[in-house]
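[1] Dropping a prediction and its sequence here:
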Amino acid sequence: MKRISFAAILFAFCVLVVSSATAAPAGKVMMYSSMQEDQLVAIKKGFEAKYPGIVMDYYFAGTGRVITKIATEHQAGQVAADIIWVGDPSDYLSFKKEGILEKYSSPEAAAIDSKFIDPDGYYTGARMMNMGIGYNSALVTPEEAPKSWNDLLDSKWEGQIVMTDPASAGTTKYFVAALLASPKYGEEYFKKLRANGCELESGTTATHNQVAASAYQVGVMLDYVSHNLMAQGSPIGFTYLPEDLISIFSPIGLVKGSANQENGKLLYDFILSKEGQEILIANNLLSVRNDIVQEGVDVAGIAKSAMTVDLESLAANSDNILNTFDNIFKK
């Protein structure tokens, strides 16, 4: 029997270690998200091109349904996602409190302003969205379009206003919470909006499609969804309000104890990377990175006109906010 030298054993061990360390990532990764599906598909294509050994799956629905799914699975013992990406940053305070998220500091976060990052490291802003006023450009000129939230109370828009039910969309819940908390607006504003014939749609996409289809002339709408429709040729216009614009940073979070934790980190990093953020920009979203120039986008101007929202208060009073809104719009 031949003896195997110590040097040969050491060499074989080193080869095994190096091979393991350099093995291409493989397997799958799962994301739960309320983003528009076109954007999810774009991220999936970019991520799988970079990591051909990993299949990225996703569950796509409105924020309300995504949160219900997360809560149900968490109660059963484990959320089946690796990454969560919904619109309202205040929801992440609840995820964090309930032990759903894992701490993770992405190396890509160095290019992102600290105000978009949880100081405890549980989530990072991954896109910016803005809630303003959209309009059907075949029926309303840019000059005629409302330029403020109070403009929607003008009788000329009676019965021609639509918004998304905040129970189904986190971005709209954020908008409702911001105005309810403001002494300039409060409950009285929404009572007047309802009295002016504002109607509700059950999802963000439906709200925008209704305006595009001329069912309504104006609506409380998102910039990137409006711009997507414009790019497709729909008669949509969008106004970034010069005052009290609702600007939302939408975070991602890594799920604690998830089945594909390392692949989840790779997806997390990819979304925050220049490559990932440029995919979002190509799909009419705003990047959170400070080292990317976004042509035609006045991020500083947006920040200046944006309302300040207390995320802690929003998270703590989420049910009260929805109940207050429902008492005005659904009775």
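    Good, I have the coordinates.
[2] Please enumerate the helices of the stretch 51-200 of the chain.
    Assigned by DSSP state H, counting those that start in this stretch, the helices in the stretch 51-200 of the chain fall at 63-76, 90-97, 170-181, 186-195.
[3] mean confidence for the second one?
    If I follow you right, that is helix 90-97. Taken as a whole, helix 90-97 has a mean pLDDT of 93.
[4] which other residues reach it?
    Here helix 90-97 makes contact (CB atoms under 8 Å, 6 or more residues apart in numbering) with 63, 67, 70, 84, 101, 118, 120, 122-123, 170, 174, 177, 251, 253, 309, 311-312, 314-315, 318. For glycine as for every other residue, the C-beta is placed from the backbone atoms N, C-alpha and C.
[5] Name the nearest residue to residue 184, ignoring sequence neighbours.
    Leaving aside its sequence neighbours, residue 184 sits nearest to residue 244 (CB to CB, 6 or more residues apart in numbering; 7.4 Å).
[6] Then residue 112?
    Nearest to residue 112 is residue 288, by CB to CB, 6+ apart, at 5.2 Å.
[7] can I assume that neighbour is in contact with residue 276?
    No. Look at residue 288 against residue 276 with CB atoms under 8 Å: they stay out of range, at 10.7 Å.
[8] which regions of the stretch 151-300 of the chain sit below the pLDDT cut-off?
    Across the stretch 151-300 of the chain, residues meeting the criterion (pLDDT under 70) sit at 299-300.
[9] swap the cut-off to 80 and go again
    Applying pLDDT under 80 to the stretch 151-300 of the chain flags the ranges 295-300.
[10] which residues in it form strands?
    Assigned by DSSP state E, counting those that start in this stretch, the strands in the stretch 151-300 of the chain fall at 161-164, 199-201, 218-222, 236-239, 246-255.
[11] The fourth one pairs with which strands?
    Based on DSSP bridges, the pairing partners of strand 236-239 within the sheet are strand 124-136 (antiparallel).
[12] what is the orientation angle of the partner strand with helix 90-97?
    Following axes from the mean of the first three to the mean of the last three CA atoms, to 10 degrees, one obtains 150 degrees for the angle between strand 124-136 and helix 90-97.
[13] dump the residue contacts of the residue nearest the centre of the chain.
    In the chain, the centroid-proximal residue (CA atoms, centre = their mean) is residue 87; its distance is 3.1 Å. With contact set as CB under 8 Å, 6+ apart, residue 87 has these partners: 34-35, 63, 129, 169-171, 174, 248, 250.
[14] What are the phi and psi values at it?
    Main-chain dihedrals, residue 87, degrees, to the nearest 10: phi -80, psi -40.
[15] Surely residue 138 touches residue 233?
    No. Using CB under 8 Å as the test, residue 138 is too far from residue 233 to be in contact (11.5 Å).
[16] okay, the two: which has more neighbours?
    More neighbours surround residue 138 than the other of residue 138 and residue 233, with 13 against 8 (other CB atoms under 10 Å).
[17] count of neighbours near residue 184?
    Residue 184: 11 surrounding residues under other CB under 10 Å.
[18] From residue 325, how far off is it?
    With the distance defined as CB to CB, to the nearest Å, residue 184 ends up 17 Å from residue 325.
[19] With residue 291 instead?
    Per CB to CB, residue 291 is found 39 Å from residue 325.
[20] and those two? which has more neighbours close in?
    Of the pair residue 291 and residue 325, residue 325 is the one with more neighbours under other CB under 10 Å, namely 22 against 10.
[21] Was I right to think residue 83 contacts residue 255?
    Yes. Between residue 83 and residue 255 there is a contact under CB under 8 Å: 6.9 Å.
[22] Please enumerate the shared neighbours of these two.
    Taking CB under 8 Å, 6+ apart as the criterion, residue 83 and residue 255 both touch residue 264.
[23] just to revisit the earlier point, mind putting the contacts of residue 87 into a markdown table with distance to residue 108?
    Formatted as a markdown table, the contacts of residue 87 follow (distance: CB to CB, whole Å):
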| residue | distance to residue 108 |
| --- | --- |
| 34 | 22 |
| 35 | 18 |
| 63 | 24 |
| 129 | 20 |
| 169 | 27 |
| 170 | 23 |
| 171 | 24 |
| 174 | 25 |
| 248 | 20 |
| 250 | 16 |
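[24] residues contacting residue 75?
    Contacts of residue 75 (CB under 8 Å, 6+ apart): none.
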